[in-house]
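In: coordinates only, sequence not included:
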C-alpha cells in the first residue's frame, strides 16, 4: 500500500508544481494609484469640507453649553436661583450634553457614509480596470503591493501602467 501512495503523491506534487508555473502573476500598488486619480482627490476634499462643517457645528454646540454652565454658576454664586431651579436647569444642561454626544457619534457615522457614497464608485471603477487588465493580459492573480504582502516581484510584473492606461491617467 505504501508503495502505491508514494508514486501517487509524487505525481500529484509534480502536477501541482507544473500548474503553478503556468500561471501568470502581476502586482499593483493601489494606494499609489488611488492618490493619482483626480476624482479621488476631489472626493476627499468634499469629505474633508463636510467633516469641517460638522466639527464647526459641534464646537459651537460645546461653546453654547459652556456659556450656559457659566451663566448657571453665576446665578448660583449670586444667589439668584433657588436650589430647585438649579437642579432643574442642571438636568436640562445634562440633557443638552447627551444630545451633543449623540451629535458627535452621528457625525462620525455621517462622515463614514459620505466617504462610502463618494469613494465606492471610484474604488469600483479602479477594481474594474484591474479586472479588465488581468483578463486582457492573461493574469491569473494580481496582488496589491500596498498591503505589504509581496516580498519580491520583478518590475515586469507591475501592471500599474496598464491599469492607469485603462483609467485614462
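Out: That came in fine, so what should we check first? This structure is a prediction, so every number in the text was calculated from the model and none was measured. Residues are numbered from 1 along each chain as shown.
In: how about residue 126, what does it touch?
Out: Going by C-beta atoms under 8 Å, 6 or more residues apart in numbering, residue 126 touches 30, 33-34, 37, 163, 167. Bear in mind the C-beta positions are built from the backbone N, C-alpha and C, glycine included.
In: could you redo the last one with a cut-off of 7 Å?
Out: Under the criterion of C-beta atoms under 7 Å, 6 or more residues apart in numbering, the contact list for residue 126 reads 30, 33-34, 167.
In: Over to residue 165?
Out: Taking C-beta under 7 Å, 6+ apart, we find residue 165 in contact with no residue.
In: and if we set it to 10 Å?
Out: Contacts were defined as C-beta atoms under 10 Å, 6 or more residues apart in numbering; by that measure residue 165 touches 129, 133.
In: Go through whatever helix or strand it lives in and flag the buried ones.
Out: Counting by DSSP states H and E, the element that carries residue 165 is helix 160-167. Taking 16 or more other C-beta atoms under 10 Å as the basis for neighbour counts, the residues of helix 160-167 that come out buried are 160, 162-164, 166-167.
In: So which of those is the closest to residue 73?
Out: Using C-beta to C-beta, residue 167 comes nearest to residue 73 of the buried residues of helix 160-167, at 59.2 Å.
In: Excluding sequence neighbours, find me the nearest residue to the closest one.
Out: Nearest in space to residue 167, with sequence neighbours left out and distances taken as C-beta to C-beta, 6 or more residues apart in numbering, is residue 129 at 5.0 Å.
In: tally of neighbours for that neighbour?
Out: The tally of other residues near residue 129 (other C-beta atoms under 10 Å) stands at 21.
In: Also residue 142?
Out: A count of nearby residues for residue 142, using other C-beta under 10 Å, gives 21.
In: Equivalent analysis for residue 138, please.
Out: The local packing count at residue 138 equals 9, with neighbours defined by other C-beta under 10 Å.
In: Give the full set of residues in contact with the residue lying closest to it once chain neighbours are set aside.
Out: Leaving out its chain neighbours, the residue that sits closest to residue 138 by C-beta to C-beta, 6+ apart is residue 24, at 5.3 Å. Under the criterion of C-beta under 10 Å, 6+ apart, the contact partners of residue 24 comprise 134, 137-142, 157.
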